[in-house]
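Colleague: Generate a structure from the sequence data that follows.
(2 chains)
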There are 2 protein chains.
Amino acid sequence: MTGIIKERLFTPGPTPLLMEAQLRALTMTLHHRTDAFRTLMRETLDHLRYYFNTRNDVIVFASSGTGAMEGAVSNLLSPGDRVLIGTAGKFGERWVQLAKAYGIESVVVEAPYGHTVPISEMKKHLDASGPFRAVFIQATESSTGVRHDVKALGEMVKALPECCLVVDAITGLGTTDLHPDEWGIDILIGGSQKATMIPPGLAFASVSEKAWKTIGNSKLPRYYFDYAKERKNLAKGESSYTPATSLVVSLHAALSYIKQLGRENLVANAALLAEATREAASALGLTQFAVSSPANAVTAINAPPGIESTKVVKEMRVRFGAILTDGQGSMKGQIFRLAHLGYYDFLDLLAVLGGLEIALLKVGHKVELGSGVRAAQNVYLRQPA
Amino acid sequence: MTGIIKERLFTPGPTPLLMEAQLRALTMTLHHRTDAFRTLMRETLDHLRYYFNTRNDVIVFASSGTGAMEGAVSNLLSPGDRVLIGTAGKFGERWVQLAKAYGIESVVVEAPYGHTVPISEMKKHLDASGPFRAVFIQATESSTGVRHDVKALGEMVKALPECCLVVDAITGLGTTDLHPDEWGIDILIGGSQKATMIPPGLAFASVSEKAWKTIGNSKLPRYYFDYAKERKNLAKGESSYTPATSLVVSLHAALSYIKQLGRENLVANAALLAEATREAASALGLTQFAVSSPANAVTAINAPPGIESTKVVKEMRVRFGAILTDGQGSMKGQIFRLAHLGYYDFLDLLAVLGGLEIALLKVGHKVELGSGVRAAQNVYLRQPA
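Modeller: As a prediction, the model looks like this:
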């Protein structure tokens, strides 16, 4: 504990940074009312379309992802509209709070923590309790580590001409295969501090033609998060208010890297890390918190029997400088979370798993040293050549 | 092989960089004929004294370590002087070449690769074949991974008033306990791209009073690597020629980090990584190239039976972006080397060992997955709390 200890993030955001992207922000001219910056912004929007896997326009805000989530509510809806929300954790609950903050009546399908929102239950409501102006859900719920079948939900909402599907994919983008155009996702939301490997401060939203039509008629108040105003300015490479220039530069560089790597390979990277983590956890006698459909973005692992997860998290931080996250809210002490997001490769995973084995021993959970690492190595070796 | 692959150095120099030290060079005013830079240079020399564990003056050159080695020869010696050289590998041979280049007659005690220079043999020569003006050796020979007993050698040379001991500790500093003042090391040589965690480009030499006296009377030609001239200028925070300013700034920052960490803890860090690597290699059915006295700086591992080490090195690079080094010269294909130098912590080691297990399997060496990692973890757990 007296030698070199590097700090390493294994959290579901912020995530390990792509240093080249950070450095690019130091060397670029950063005044935003210049042609150079306008060109950069337009290229970044093109990159975002690639990253989102969409032909729709993507808009960018200087805010956390929650800003774009609020914008989805305030831009799509009008007083008197009703919405359907599927929630399976802390981030799902944010949709409920947002609807409430704007005085919008919501019907909530609530899955217990660790479970996924039952899409059949959502369908029942869509069929029988409508009309709904919009449906809100998470692609991946990072407080519990589950993934939702947004494709199936999209099929249902596509059939309703007056209803839009809004998907928070803040941790889903870059970790899950998403086809917003084909699946009928009308608003898809992302944030900079996740699989894009840059710091927090930017929110993204792709918006379908169907959603733009709804936005044109909606009446809720909005100003900063005005989607249509932002779209109009971004078309010229401008933003309505001062853009977070250094983050845009870093984003441009990071998305160039991702384009070179390939979106599918970025998702495959997260899938490999996640599967290897799940197998390692099993080998170490631990169980997953996600009852089904575990997300590639983050793995939530139940605390070892009789031991608070907080102790594991602390041991990892103090001993190895490895930052894992505890459960949020009522899940604190019950689970710890190991993310698979950002500039993060297989050797990073072997490192954290090797450290975790020691941490588990130290908090009193019996493990065979090396067995978690071996399980992860076997997942690596199972990959097609 | 299609996901994220980070490049990581596990080489005996250059080594993993301390990013804070790199960034410091971006934000400092760098003109060298300013008071700010002079103060920085003087503080850096103080830090170097701490790092070298000496009360002697340390001088700095803008050059690779070899520059300071050449300086030790050209500053200490005069035509007609004879020297004794102990060599155990490529870097020992450099002393022989340097003596030859300056027309100095040398008596060479040559250990076979993988062995250490027998100090008893050196003593025999010191007793019977003298007088020698100087004795040259490596603290650690990084081409083969062995450590020399420079303390014992120092005891012998200390007794000879006309003979100086010169030790190349380029990879020895920060990885081996060294007491130059107590042990009678007259010139101790270091380089920036090793345990100091910054890029190549600076050479260091600490010089004893005994050596300064010899230098005062020596007659070999020198200009750039003039120790006395550099000492005089450095006392004022100046350098004789343009200093490598960005490297000096980074060095100042890196040595501040090392001072905070503690020199002993830096050495202990390398010792832990080296011991864990040796045990891991054994667990993986591999043998060490060093027959005895393995260095903490770097571990040289024999190629798996019937397999070229070049293949292991390539597999690690292509598959994991992990840069190991092959054997040098006639050792190429016979050994691979895993260093323990620079900004490098225990989780880095677990990562490279986990990757190495996969690489070994892929080149056809049978290993039990996880067993090397486990051996390393057990070394970690054996440490006093």
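
Colleague: Please state the offset of stretch A:6-13 from the chain centre?
Modeller: 15 Å (CA atoms, centre = their mean, to the nearest Å).

Colleague: Helix or strand for A:Ser206, just tell me which one.
Modeller: Remark: A:Ser206 resides in strand A:202-207, with elements defined by DSSP states H and E.

Colleague: And the next helix or strand past that strand?
Modeller: Following strand A:202-207 toward the C-terminus (DSSP H and E): helix A:209-217.

Colleague: Packing partners of the very next helix or strand once past that next one?
Modeller: Downstream of helix A:209-217, the next assigned helix or strand under DSSP H and E is helix A:227-234. When contacts are defined as 3 or more CB pairs under 8 Å, 6 or more residues apart in numbering or on different chains; DSSP states H and E, helix A:227-234 sits against strand A:57-62, helix A:65-76, strand A:202-207, helix A:209-217. To be clear about C-beta, it is placed using only N, CA and C from the backbone, and glycine gets the same treatment.

Colleague: Contacts only, for the most centrally placed residue in chain A.
Modeller: For chain A, the residue nearest the mean C-alpha position is A:Thr171 (1.1 Å; CA atoms, centre = their mean). Counting by CB atoms under 8 Å, 6 or more residues apart in numbering or on different chains, A:Thr171 touches A:Pro12, A:Gly13, A:Ala139, A:Thr140, A:Ser142, A:Lys194, A:Ala195, A:Ala295, A:Ala297, A:Val298, A:Ala339, A:Leu341.

Colleague: pLDDT-wise, which helix or strand of chain A ranks last?
Modeller: When each helix and strand of chain A is scored by mean pLDDT, DSSP states H and E, helix A:19-27 comes last, with a mean of 91.

Colleague: Confirm the residue nearest to the centre of chain A sits in a strand?
Modeller: No: counting by DSSP: H, G, I helix; E, B strand; the rest coil, A:Thr171 falls outside a strand, being coil.

Colleague: So for chain B, which of the helices and strands packed on helix A:227-234 sits nearest?
Modeller: Across those, chain B has its closest neighbour in strand A:202-207 (20.7 Å, CB to the nearest CB).

Colleague: Tell me which other helices or strands the closest one touches.
Modeller: helix A:35-52, strand A:57-62, helix A:65-76, strand A:187-191, helix A:227-234, helix A:245-261.

Colleague: what pLDDT, on average, does the longest one get?
Modeller: Along helix A:35-52, the predicted local confidence has a mean pLDDT of 96.

Colleague: Kindly list the longest helix within chain A.
Modeller: helix A:263-283 (DSSP state H).

Colleague: could you give the angle of the very next helix or strand once past that helix to helix A:263-283?
Modeller: Per DSSP H and E, the first helix or strand lying C-terminal to helix A:263-283 is strand A:298-302. If you take axes from the mean of the first three to the mean of the last three CA atoms, to 10 degrees, strand A:298-302 sits at 10 degrees to helix A:263-283.

Colleague: May I see the buried residues of the helix or strand that comes right after strand A:298-302?
Modeller: Elements were assigned by DSSP H and E; along the chain past strand A:298-302, the next helix or strand is helix A:309-320. Neighbour-count burial for helix A:309-320, counted by 16 or more other CB atoms under 10 Å in any protein chain shown, picks out A:Ser309, A:Thr310, A:Lys311, A:Val312, A:Val313, A:Glu315, A:Met316, A:Arg317, A:Arg319, A:Phe320.

Colleague: before we move on, what about stretch A:349-364?
Modeller: A:349-361, A:363.

Colleague: I'd like to know the average pLDDT value across that stretch.
Modeller: 98.

Colleague: does it come close to chain B?
Modeller: Yes: with CB under 8 Å from any CB of the partner chain as the criterion, chain B is reached by stretch A:349-364 at A:Leu350, A:Ala351, A:Val352, A:Leu353, A:Gly354, A:Gly355, A:Glu357, A:Ile358, A:Leu361.

Colleague: quick check, the third one in a helix?
Modeller: Yes: the secondary structure assignment for A:Val352 places it in a helix, going by three-state DSSP.

Colleague: Take the helices and strands packed on helix A:227-234 and write them to TSV, including mean neighbour count and mean pLDDT.
Modeller: Shown next, in TSV, are the helices and strands packed on helix A:227-234 (neighbours: other CB atoms under 10 Å in any protein chain shown; pLDDT from 0 to 100):
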stretch	mean neighbour count	mean pLDDT
strand A:57-62	23	98
helix A:65-76	24	98
strand A:202-207	27	98
helix A:209-217	17	98
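
Colleague: what sits opposite the residue nearest to A:Phe52 when sequence neighbours are not counted in the beta ladder?
Modeller: Among residues not flanking A:Phe52 along the chain, A:Ser206 sits closest, at 4.7 Å (CB to CB, 6 or more residues apart in numbering or on different chains). For A:Ser206, the beta-bridge assignment (DSSP bridges) gives partners A:Val58, A:Leu188.

Colleague: my read: A:Ser206 touches A:Ile187, true?
Modeller: Yes: counting by CB atoms under 8 Å, A:Ser206 does reach A:Ile187; the two are 7.0 Å apart.

Colleague: Now for the nearest residue to A:Ile335 once chain neighbours are set aside: which residues touch it?
Modeller: Spatial nearest neighbour of A:Ile335, excluding adjacent residues (CB to CB, 6+ apart): A:Gly327 at 4.2 Å. With contact set as CB under 8 Å, 6+ apart, A:Gly327 has these partners: A:Ser143, A:Phe289, A:Ala300, A:Ser309, A:Gly333, A:Gln334, A:Ile335, A:Phe336, A:Arg337.

Colleague: thinking again about what came up before, tell me the one among the buried residues of stretch A:349-364 nearest to B:Thr214.
Modeller: Closest approach to B:Thr214 among these (CB to CB): A:Ala351, at 48.8 Å.
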